[in-house]
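1. Quick one: sequence plus predicted model below, questions after.
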Amino acid sequence: MNEPGATPPPARRNDFADQDSADIAKLDELRAESLRRVRRLPTVEEMARRQSRLKLARWGLPSLAAFILVSLAAWPEIAHLVNLNRKALHDMQRFQHLTGAIENAIYRDSDSKDRPYTLTSRNARQIGKNRIDLEQPVADILMKNNVWLNVKADHGVYMRDQQTLTLTGHVVLYRNDGILLNSPTADMDLKRNIVATASWVHAEGPFGTQDAEGAFLDQNAGTIQFTGPGLTVHNDDKDPLSSSSPAGKGT
């Protein structure tokens, strides 16, 4: 017992003493294990890789930060240029629409006998309400008895209301019965299926060859007339130079 008036000793707990001893012993063991370990020195290759990473981080991170700052500063100008380009593209499309400029244009219609024909062109430009200027036009026409006519040229003028086509520059006419005709110019009445030219013409077909000063093709009647003096060579002619074509010869 404590004497009267003496200070009692501080209270002590001994219920965690065993646990504290175990933790201290484990820490001592880990400390001793770490002291026993021998640190392996890095190789030359590992040191070189570490230095490369450090250099990359030293220069790459500041460069990335500078790029981000410059992008943030220049973004309003970039957005302004993008909007200008969009507006320019919109204005160009609007201009092409107003002027009637069309790429890879296709026009479809039918003749007086309700037979279809198709006009295609690499470029087409509307000139007024009726006229359409064509670049590299091609006309495909389906005739009676499944006769098919294809005409192409370098340039053409299509009058929509009249359904006429004026062709210039290396006009080539081909018909699926074997007729091939070349001329510098030609006029087509698509409504009546008539092709005429007053220019030099060279024709080839099952009949032979024909050179003349002009030609007139009536697709409805199925006739071809060559006009002016020319040269006719039939496939069964023995002496081509002895044959000549009178004006108005029909085939």
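-> Sure thing, it's come through.
2. For my notes, confirm Asp114 occurs in a strand.
-> No: under DSSP: H, G, I helix; E, B strand; the rest coil, Asp114 falls outside any strand and is assigned coil.
3. May I have stretch 210-223 as PDB, with CA atoms only?
-> These are the backbone C-alpha positions of stretch 210-223, laid out as PDB (Å, rounded to 0.1, in the frame of the first residue of the first chain):
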ATOM      1  CA  GLN A 210     -16.600   7.100-147.800                       C
ATOM      2  CA  ASP A 211     -15.000  10.500-147.900                       C
ATOM      3  CA  ALA A 212     -17.200  13.500-148.800                       C
ATOM      4  CA  GLU A 213     -17.700  17.200-148.200                       C
ATOM      5  CA  GLY A 214     -20.800  16.700-146.000                       C
ATOM      6  CA  ALA A 215     -23.300  14.200-144.700                       C
ATOM      7  CA  PHE A 216     -27.000  14.000-143.700                       C
ATOM      8  CA  LEU A 217     -28.200  11.200-141.400                       C
ATOM      9  CA  ASP A 218     -32.000  10.600-140.900                       C
ATOM     10  CA  GLN A 219     -32.200   8.100-138.200                       C
ATOM     11  CA  ASN A 220     -36.000   7.700-138.500                       C
ATOM     12  CA  ALA A 221     -35.700   6.800-142.200                       C
ATOM     13  CA  GLY A 222     -32.400   4.800-141.600                       C
ATOM     14  CA  THR A 223     -30.600   6.600-144.400                       C
END
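4. residues in contact with that stretch?
-> 113, 141, 143-144, 147, 149, 173, 181, 183, 192-204, 224-233, 245, 249-251 (C-beta atoms under 8 Å, 6 or more residues apart in numbering). For every residue, glycine as well, the C-beta is placed using N, CA and C.
5. Phi, psi for the nearest residue to Asn235 once chain neighbours are set aside please.
-> For Asn235, ignoring the flanking residues on the chain, the nearest one in space by C-beta to C-beta, 6 or more residues apart in numbering is Gly208 at 4.7 Å. Note on Gly208: backbone dihedrals following degrees, to the nearest 10 are phi 140, psi -140.
6. Can you name the residues bridging to Gly208?
-> Gly205, His234 (DSSP bridges).
7. just checking, it touches Val233?
-> Yes: look at Gly208 against Val233 with C-beta atoms under 8 Å: they come within range, at 4.8 Å.
8. Tell me which of those two has more neighbours.
-> For Gly208 versus Val233, the count of surrounding residues by other C-beta atoms under 10 Å is larger for Val233: 19 against 16.
9. now the contacts of stretch 210-223: which count as buried?
-> Buried subset of the contacts of stretch 210-223 (neighbour count, 16 or more other C-beta atoms under 10 Å): 141, 143, 149, 173, 181, 183, 193-197, 200-201, 203, 224-228, 230, 232-233, 245, 251.
10. and those, which of them are in helices?
-> Among the buried ones among the contacts of stretch 210-223, the subset assigned to helices under DSSP state H is empty.
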